[in-house]
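Asks: show me the folded form of this:
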Amino acid sequence: MTLSRPLLGALTLLLTSSFIPGQQFASAPKFPYPEKLSYHVEWRMLTAGEGIVQLTRGTPQDWSISLNLTSAGFVSRLYKVLDNYKVSTNDRFCGENALLDAEEGKRHLIARLTFDNSHHKVDYEERDLMKNTSMKNQLDIAPCTCEITGALVTLRTTKLGPGQTMTIPITDGKKMAYAKIEGQAKESLTINGRNYSTVRYEAFVFDNVVYKRKGRLLVWVTDDARRLPVQFRLQMGFPIGTVTVLLDKEERL
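Replies: Below you'll find the model as predicted:
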């Protein structure tokens, strides 16, 4: 498993609505709605990457999520990343299909998820273009199972308060788990000169729940109708350490 896979999932939480620093909406729109987000990733006091996330409506019955993630600056010289991820879900953000094209260092992988929701199964296919190898896998899944991005977007649609928990069936195509999301505390954050009233959540997807790697995923979501994720943090062991994602720019589509 590469770092970018859980990172890609977490970054999709940062789907937001139009915003200009210092400007207030007359009435806050209620999520979900089509939107686009630009953000930056910080690692060890450096700008490690940049990304663009879009949530669009295909038909009244489905949604599409796309994420383009690139490494930046000094980090790009150490370990270049160019990942493109596209997901289709139904109106409840249950998975339908997903495609990841990941160029990471000297690796280039294509991974695909195909959900058969009527029979509660998912097919996973992965091709290593550098090694010219491939693998396939099929899993039994629960009704309305999400891939990681759909699960994290689902959090935004749920008014989960501190002290409350929820579980979401999640799969990466290799394993299915009922992952717990826990509301931990209300916190005030200042990001790019703007103050936010947020709820801090922890999504338990590491430590062999969905991903084998040890780590924590913390997410800060505004406590309003937009449910706007303004920051998240991956806390992982050596040599990765802590990765923080901060909101830069939002656009309504």
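Asks: going by C-alpha atoms from here, please, whenever you check contacts or count neighbours.
Replies: Noted.
Asks: where does Thr149 land in three-state SS?
Replies: helix (DSSP: H, G, I helix; E, B strand; the rest coil).
Asks: now stretch 44-58 - C-alpha only, PDB.
Replies: The C-alpha trace of stretch 44-58 is given here as PDB (Å, rounded to 0.1, in the frame of the first residue of the first chain):
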ATOM      1  CA  ARG A  44       7.900  18.700   8.100                       C
ATOM      2  CA  MET A  45       7.300  22.500   7.700                       C
ATOM      3  CA  LEU A  46       7.500  22.100   3.900                       C
ATOM      4  CA  THR A  47       4.800  22.400   1.200                       C
ATOM      5  CA  ALA A  48       4.700  18.800   0.100                       C
ATOM      6  CA  GLY A  49       1.900  18.700  -2.400                       C
ATOM      7  CA  GLU A  50      -1.100  20.400  -4.100                       C
ATOM      8  CA  GLY A  51      -4.400  19.000  -5.100                       C
ATOM      9  CA  ILE A  52      -7.700  19.800  -6.800                       C
ATOM     10  CA  VAL A  53     -10.900  17.900  -5.700                       C
ATOM     11  CA  GLN A  54     -14.200  18.200  -7.500                       C
ATOM     12  CA  LEU A  55     -17.700  16.800  -6.600                       C
ATOM     13  CA  THR A  56     -20.100  16.900  -9.500                       C
ATOM     14  CA  ARG A  57     -23.600  15.600 -10.100                       C
ATOM     15  CA  GLY A  58     -23.900  13.100 -12.900                       C
END
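Asks: buried ones in it, by neighbour count?
Replies: Neighbour-count burial for stretch 44-58, with 16 or more other Cα atoms under 10 Å as criterion, is recorded at 47-57.
Asks: in strands, which of those fall?
Replies: 47-57 (DSSP state E).
Asks: looking at those residues, which is nearest Pro229?
Replies: Val53 (12.6 Å; Cα to Cα).
Asks: so that closest one bridges to which residues?
Replies: Leu37, Leu67 (DSSP bridges).
Asks: ok, the one 10 residues further on next?
Replies: Per DSSP bridges, residues listed as beta-bridge partners of Trp63: Arg57, Thr89.
Asks: hang on, isn't it packed against Glu35?
Replies: No: contact criterion Cα atoms under 8 Å: Trp63 and Glu35 do not qualify, at 11.5 Å.
Asks: now the protein, which segments are flagged as low pLDDT?
Replies: Confidence mapping of the chain against pLDDT under 70 gives the ranges 1-28.
Asks: circling back: any common contacting residues for Trp63 and Glu35?
Replies: 55-56 (Cα atoms under 8 Å, 6 or more residues apart in numbering).
Asks: who's more crowded, the two?
Replies: Trp63 (24 against 20; other Cα atoms under 10 Å).
Asks: how about the contacts made by the more buried one?
Replies: 55-57, 88-91, 93.
Asks: tell me how far Thr154 lies from Leu218.
Replies: Thr154 sits 15 Å away from Leu218, going by Cα to Cα, to the nearest Å.
Asks: swap in Asp62?
Replies: Asp62 is 28 Å from Leu218, by Cα to Cα.
Asks: no more questions from me, cheers.
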